[in-house]
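Visitor: Please work out how this folds:
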Amino acid sequence: MVIRNPIPTKNQAALVDRDDASLQHLRYRLTIGLEQARRGELAAGSGEAAIRRAFVVAWGPASPPGP
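Guide: Just a heads-up that it's a prediction; the model follows:
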């Protein structure tokens, strides 16, 4: 039987804090995006083109070639 320690180590606590900060930032960005959409501030072009641009930004120079 595996016994797990309920008290996190300093490294585990740091990872949890980092994950919490990442989730807060993601929630903030999603909220901003929804507010922009509600105001009609939409990206130019089709939805597909907007998604492609978003992935290019996210992947940076390692972006796979488009169709």
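
Visitor: Could you list the low-pLDDT ranges of this protein?
Guide: 1-3, 5, 61-67 (pLDDT under 70).

Visitor: hmm, 50 instead?
Guide: By pLDDT under 50, the chain has no low-scoring segment.

Visitor: Let's check: the centremost residue of it is which one?
Guide: residue 26 (4.9 Å; CA atoms, centre = their mean).

Visitor: Where do the helices of the protein begin and end?
Guide: 10-38, 47-59 (DSSP state H).

Visitor: Residue 24: neighbour count?
Guide: 10 (other CB atoms under 10 Å). (Glycine included, C-beta is placed from N, CA and C.)

Visitor: ok, residues contacting stretch 6-13?
Guide: For stretch 6-13, contacts defined as CB atoms under 8 Å, 6 or more residues apart in numbering pick out residue 16.

Visitor: and if you look at stretch 31-39?
Guide: residue 42.

Visitor: Pull it out as PDB, backbone CA atoms only.
Guide: What follows is stretch 31-39 as a C-alpha-only set of coordinates in PDB (Å, rounded to 0.1, in the frame of the first residue of the first chain):
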ATOM      1  CA  THR A  31     -12.500  37.200 -19.300                       C
ATOM      2  CA  ILE A  32     -10.900  40.000 -21.400                       C
ATOM      3  CA  GLY A  33     -11.600  38.000 -24.600                       C
ATOM      4  CA  LEU A  34     -15.300  37.500 -23.700                       C
ATOM      5  CA  GLU A  35     -15.700  41.100 -22.800                       C
ATOM      6  CA  GLN A  36     -14.200  42.100 -26.200                       C
ATOM      7  CA  ALA A  37     -16.600  39.600 -28.000                       C
ATOM      8  CA  ARG A  38     -19.600  41.100 -26.200                       C
ATOM      9  CA  ARG A  39     -18.600  44.600 -27.300                       C
END
